[in-house]
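Participant: sequence plus predicted model, see below.
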Amino acid sequence: MIKEDLKKIREELIKLDDKRKFKDILPKRSCYQEIYEVNKNKLNDTAICYMNSVITFKQLFSKIYYLAKALTEIGVKEGDSVAISTLAIPEGVISFFATNYIGATANMINVFSGGDREIEEQMRKFNSKVLITQDIFYNKRIRNIKISVLVIILFLIIIYFLLRVVYETGDFTVSLDPNFAKKQGLIMYEHQEEKEDKRILKATKLEFMDNISVKWLPEDINTRGEGSHNGNNYLAYTFYLENKGSDTINYWYEIFIDDVIKNVDDAIRVMVFRNDDKKIYAKPNKTTGEAENGTEKFYSSSEVLVEGRQEFKPGDIDKFTIVIFLEGDDPDCLDNLIGGEMKMHMDITEEHIKQK
């Protein structure tokens, strides 16, 4: 809400002689809707300055959305009460608007109130079943609360949706071996209607990427776009490979890791669709050496995958969708990844003896 709005409401309140009219001069939108509508066209402007950190409106709305989605996943719904007890930190603001986003009520509790009994009394009074707070208060006071409550701890980044990991994807490219393409009559393109043949395709990079959960990705991500169709905190790129030759062939597709900074690959996920076949690749678990839940292990330290395509017949079209994101549920998705970068590229080549 901008200053002019507040000034107008204040002037109307002063002149108000019938309290029943009070509701008529208040905004009809929720707090979140109000701040979004006012700032949706200036997403790169500064929303919050805290210490030496700056959060833009684009980043703020992203964080609000993912916290709201996470609260929904743990059972918070419209009309529920969520207790929030934090210092004046950005996470407190995000928590308030995330609660408001889903239509729940924010039960704001003074962090300097009279200890665990006071907090418990306020939570009982408003039937709050979720408490968002900070680790420094949890250890000293809040863990003594007797009522059944889900306590979400901020600042130690125990909850993945508040981990602020800045990830620069660089340019993800796909290359088709020109000699192989010419010999076998292969073409590669982004849009099925235009079929503009290219030997190198380039995906649009992301400026930053917060960690998310694979569960938050759109269910129709394989069909919702062609070329680059990135979303909030994930890179998505779709392209096609077509056999316009006269021979049935085999080919290989490989994704190479070009560069990694600050071990960000520890929590990276690479989702690959070939037509409707989906696989998710990740580094193996550091402790067990086994594949992380729901994934296949990277092929090597320098390759995400090496896969072969058999019996690619004349007229066949293979559709690929590549999705890259940071998995917040990965135990290695920690603060030390902040500022990390990872660059990859994909090659499509003729089947070689060494790969068989």
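Facilitator: Arrived safely, thanks for sending. Residues are numbered from 1 along each chain as shown.
Participant: low-confidence stretches in the protein?
Facilitator: Scanning the chain with the threshold set as pLDDT under 70 gives 1-28, 114-116, 135-171, 335-336, 338-339, 352-356.
Participant: longest helix in it, please.
Facilitator: helix 57-73 (DSSP state H).
Participant: same for that helix, what does it pack against?
Facilitator: On a contact count with 3 or more CB pairs under 8 Å, 6 or more residues apart in numbering; DSSP states H and E, helix 57-73 meets helix 31-39, strand 46-50, helix 90-101. In this view, the C-beta of every residue, glycine as well, is placed from N, C-alpha and C.
Participant: quick one: closest of these to Trp216.
Facilitator: Nearest to Trp216 among these is helix 90-101 (13.9 Å), distances taken as CB to CB.
Participant: ok now the next helix or strand after that closest one, how far from the chain's centre?
Facilitator: The helix or strand immediately downstream of helix 90-101 is strand 105-108, counting by DSSP states H and E. Averaging C-alpha coordinates over strand 105-108 and over its chain gives two centres that are 25 Å apart (CA atoms, centre = their mean, to the nearest Å).
Participant: now do stretch 321-332
Facilitator: 9 Å.
Participant: in the top strand by length along the chain, what counts as buried?
Facilitator: Within the chain, and with DSSP state E defining each element, the longest strand by residue count is strand 249-261. Residues Ile249, Tyr251, Trp252, Tyr253, Glu254, Ile255, Phe256, Ile257, Val260 are the ones in strand 249-261 that count as buried (16 or more other CB atoms under 10 Å).
Participant: which strands border it, and is each parallel or antiparallel?
Facilitator: With DSSP bridges as the test, strand 249-261 is paired with strand 303-312 (antiparallel), strand 341-350 (antiparallel).
Participant: and for Tyr237, the neighbour number?
Facilitator: 24 (other CB atoms under 10 Å).
Participant: my guess is it contacts Ile322. True?
Facilitator: Yes. Using CB atoms under 8 Å, Tyr237 makes contact with Ile322 at a distance of 5.0 Å.
Participant: what is in contact with those two at once?
Facilitator: Phe172, Val174, Ala203 (CB atoms under 8 Å, 6 or more residues apart in numbering).
Participant: can you lay out the residues you listed as a markdown table showing distance to Gly103?
Facilitator: Converted to a markdown table, the shared contacts of Tyr237 and Ile322 look like this (distance: CB to CB, whole Å):
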| residue | distance to Gly103 |
| --- | --- |
| Phe172 | 38 |
| Val174 | 43 |
| Ala203 | 36 |
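Participant: on that earlier part again, CA atoms of the longest strand of the chain as CSV?
Facilitator: The C-alpha coordinates for strand 249-261 follow below in CSV (Å, rounded to 0.1, in the frame of the first residue of the first chain):
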residue,chain,number,x,y,z
ILE,A,249,19.9,-45.0,-36.7
ASN,A,250,21.1,-45.0,-33.1
TYR,A,251,22.4,-41.9,-31.3
TRP,A,252,23.7,-40.9,-27.9
TYR,A,253,22.9,-37.9,-25.8
GLU,A,254,25.1,-36.7,-23.0
ILE,A,255,25.0,-33.8,-20.5
PHE,A,256,28.4,-32.6,-19.4
ILE,A,257,29.3,-30.5,-16.3
ASP,A,258,31.5,-27.7,-17.5
ASP,A,259,32.0,-25.8,-14.3
VAL,A,260,31.0,-25.9,-10.6
ILE,A,261,31.5,-23.2,-8.0
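Participant: what about the residue lying closest to Ala83 once chain neighbours are set aside, how many neighbours?
Facilitator: Distance criterion CB to CB, 6 or more residues apart in numbering; nearest residue to Ala83, sequence neighbours excluded, is Ser128 at 3.9 Å. Neighbour count of Ser128, defined by other CB under 10 Å: 25.
Participant: list the contacts of Ser128.
Facilitator: Residues in contact with Ser128 (CB under 8 Å, 6+ apart) are Ser81, Val82, Ala83, Asn107, Gln122, Val149.
Participant: just these now: which is nearest Met342?
Facilitator: Nearest to Met342 among the contacts of Ser128, counting by CB to CB, is Val82 at 35.0 Å.
Participant: now name the helix or strand holding the closest one.
Facilitator: Assigning secondary structure by DSSP H and E places Val82 in strand 81-84.
Participant: residues contacting that strand, please?
Facilitator: By CB under 8 Å, 6+ apart, the list of residues contacting strand 81-84 reads 71, 76, 92, 95-96, 99, 104-109, 119, 122-123, 126-133, 149.
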